[in-house]
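Enquirer: Here is a sequence together with a model predicted from it:
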Amino acid sequence: MKKFIALTVMGLMFSVSAPVMAGAQQEKMKACNVEAKGKKGDERKNFMKACLSKDKGISAAAENKPAQTSKMKTCNEEAKGKKGDERKAFMSSCLKG
């Protein structure tokens, strides 16, 4: 009986996680389609292939994390001595550019 319950629980875990993964892939496809606007033929095909395989299940934000972390450290160093709204404005412009 315990084996039956364990198998049932495991089956439910897999059946619930599959749609979640499919949803993430669909979101990725939507984002790539938006970026591919205006491209046609082989150019679009190559772009979509690269865009969809770019992070292999890892979100785009996670892929960009090392660069963003480095940028954040640099901007923090440059923002020393600034406080409040001045610091907030500086950090915003520094991280964007």
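Expert: Cool, got the structure.
Enquirer: Give me the neighbour count for Arg87.
Expert: 15 (other CB atoms under 10 Å). Where you see a C-beta, it was placed from the backbone N, CA and C, and this is true even at glycine.
Enquirer: so what's it up against?
Expert: Ala79 (CB atoms under 8 Å, 6 or more residues apart in numbering).
Enquirer: which element follows the worst-scoring helix or strand of the chain on mean pLDDT toward the C-terminus?
Expert: Ranking every helix and strand in the chain by mean pLDDT, DSSP states H and E puts helix 60-63 at the bottom, with a mean of 52. Downstream of helix 60-63, the first helix or strand assigned by DSSP states H and E is helix 65-78.
Enquirer: Determine how far the helix or strand just after that following helix lies from the middle of the whole chain.
Expert: Using DSSP H and E, the helix or strand that directly follows helix 65-78 along the chain is helix 84-96. What separates the centre of helix 84-96 from the centre of its chain is 23 Å, taken as CA atoms, centre = their mean, to the nearest Å.
Enquirer: Run the angle between helix 84-96 and helix 65-78 for me.
Expert: Interaxial angle, helix 84-96 versus helix 65-78 (axes from the mean of the first three to the mean of the last three CA atoms, to 10 degrees): 140 degrees.
Enquirer: Buried residues, helix 84-96. List them.
Expert: For helix 84-96, the neighbour count (16 or more other CB atoms under 10 Å) marks Met91 as buried.
Enquirer: Next: stretch 46-54.
Expert: 48, 51.
Enquirer: for that stretch, the distance to its chain's centre please.
Expert: Distance, centroid of stretch 46-54 to centroid of chain: 14 Å (CA atoms, centre = their mean).
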